[in-house]
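S.K.: with the sequence up front, the predicted model follows.
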Amino acid sequence: MKKYDVIIIGGGPAGLFAAIMCANKKQRIAILEKNKSCGRKLLMAGAGKCNITQAGDIHHFLTCYGVNAKFLKHALLSFQNEDLLNFFKKRGLEFMTTEKGKIFPKSLKSQDVLNVLLEECRRRSIEIHYESAVESLVKEEELFHLETVKGSFESPVVVVATGGLSYPHTGSTGDGFVWAKTFGHKIVPTKPALTPLKIKNYELSDMSGTSFEELPYTLWRGGKKIGAYQGDFLLTHTGVSGPGIINNSRYMQSGDVIKCNFVAAESIDEFRSQLTKKLNSGGKTLVKSVIRELNLTKRFADKLLELCGIDESLKCAELNKATRQKLLTTLTEYEMEVKELGGYHVAMVTTGGVSIKEISPKTMESKKVSNLYFIGEVLDIDGDTGGYNIQAAMSTAYIASQAINK
């Protein structure tokens, strides 16, 4: 039986950082990691470049975690984006900020972020037990007993930092939900989040790679409008992606319809009225010439004309009312039915997880079991793409470690 002051299950960014912060008190700390190495999902962050956090006022972050953002307020204000960057800067890592506020290490290598965390664990004598998947976790009196394939462990404090279900090949397979259930915690149903969409009867596969900045679109379910969004939008071979879709995928499901405003008209009715007047008075002007004047690439404008059955040689005077109406709708409210969301193998995070109603937002401690903590993505919190999820992982790890140290 190996005995420790604190045992952390999971060696991702939340688990590693919690261990480092707990080690300030010279406590004996162990991390139990099921893989042969730590931080496998961290290495994938930002396409391997590690978008570690976002620039700007930390209060803005509170608009980027969906309906459960309020739960994170104490954590984010206690350990802010600048605090996170300073931790790494003090250890020699430099950063760069993109025009849209994403922050990466200057080297653009996730491995450099992971190396700082691992080196700090080594320096603080934190023991990392690799290939040590937890098979059982029970509490008897004031001690937790953990059984792994590598032996038995015991500690008065356990921190669950096992992640969600996204990218299961990295080791995120929902283990933390099992331990939470064991202790009577409610698990909010999970589904992939921050994922692209596959579109039913997709007509734009040959436009793959076409992107739009701040494209407005609406979301419909059962014939009722349930949301209006705007963001960078990317057409793929099988559907749509880009931050504008990915960040809002948490609200979507199979069978939903999105209506795309490709011309980004502030008032669809006004745009339609003006374009109708232009087409009606166009005479011998080719319809394609009028449409190519819009803020669209020539290739995409021509594709929309093709979808409407408008020949290249069609003149404005020859455009009938039904075809004109179809063109106006295609430009401003082009419908795409969601076939399915990308699965856990492509979703960046998981929505759902351990219910935050049963976790203290000031300490991350279970309200049901003393000295049992849950941090990071195992909780029912998920942020937008752009560094928000790593920030949440680190901030929740920080306040848990401060509570443990007290």
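M.R.: The structure has been received and is ready for your questions.

S.K.: just the mean pLDDT for the longest helix seen in the chain, thanks.
M.R.: Ranked by residue count and defined by DSSP state H, the top helix of the chain is helix 388-405. Taken as a whole, helix 388-405 has a mean pLDDT of 96.

S.K.: how about that helix: buried residues?
M.R.: Neighbour-count burial for helix 388-405, counted by 16 or more other CB atoms under 10 Å, picks out 388-404. C-beta here means a position set from N, CA and C on the backbone, and glycine is covered the same way.

S.K.: separation between Leu32 and Gln111?
M.R.: Going from Leu32 to Gln111 by CB to CB, to the nearest Å gives 22 Å.

S.K.: ok, back up a step: could you list every helix and strand in contact with the longest helix of the chain?
M.R.: The contact analysis (3 or more CB pairs under 8 Å, 6 or more residues apart in numbering; DSSP states H and E) places helix 388-405 against helix 13-22, strand 53-54, helix 73-78, helix 81-89, strand 372-374.

S.K.: angle of it against helix 81-89?
M.R.: Relative orientation of helix 388-405 with respect to helix 81-89: 80 degrees, computed using axes from the mean of the first three to the mean of the last three CA atoms, to 10 degrees.

S.K.: okay, helix 388-405 in PDB with CA atoms only?
M.R.: Backbone C-alpha positions of helix 388-405 (Å, rounded to 0.1, in the frame of the first residue of the first chain) are rendered in PDB as follows:
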ATOM      1  CA  TYR A 388     -11.000  28.800 -22.900                       C
ATOM      2  CA  ASN A 389     -11.000  25.100 -21.900                       C
ATOM      3  CA  ILE A 390      -7.400  24.900 -20.900                       C
ATOM      4  CA  GLN A 391      -7.900  28.100 -18.900                       C
ATOM      5  CA  ALA A 392     -10.800  26.500 -17.100                       C
ATOM      6  CA  ALA A 393      -8.800  23.400 -16.400                       C
ATOM      7  CA  MET A 394      -6.000  25.400 -14.900                       C
ATOM      8  CA  SER A 395      -8.200  27.800 -12.900                       C
ATOM      9  CA  THR A 396     -10.300  24.900 -11.400                       C
ATOM     10  CA  ALA A 397      -7.000  23.100 -10.500                       C
ATOM     11  CA  TYR A 398      -5.700  26.200  -8.800                       C
ATOM     12  CA  ILE A 399      -8.600  26.800  -6.500                       C
ATOM     13  CA  ALA A 400      -8.800  23.100  -5.600                       C
ATOM     14  CA  SER A 401      -5.100  23.100  -4.700                       C
ATOM     15  CA  GLN A 402      -5.600  26.200  -2.600                       C
ATOM     16  CA  ALA A 403      -8.400  24.500  -0.700                       C
ATOM     17  CA  ILE A 404      -6.400  21.400  -0.200                       C
ATOM     18  CA  ASN A 405      -3.400  23.400   1.000                       C
END
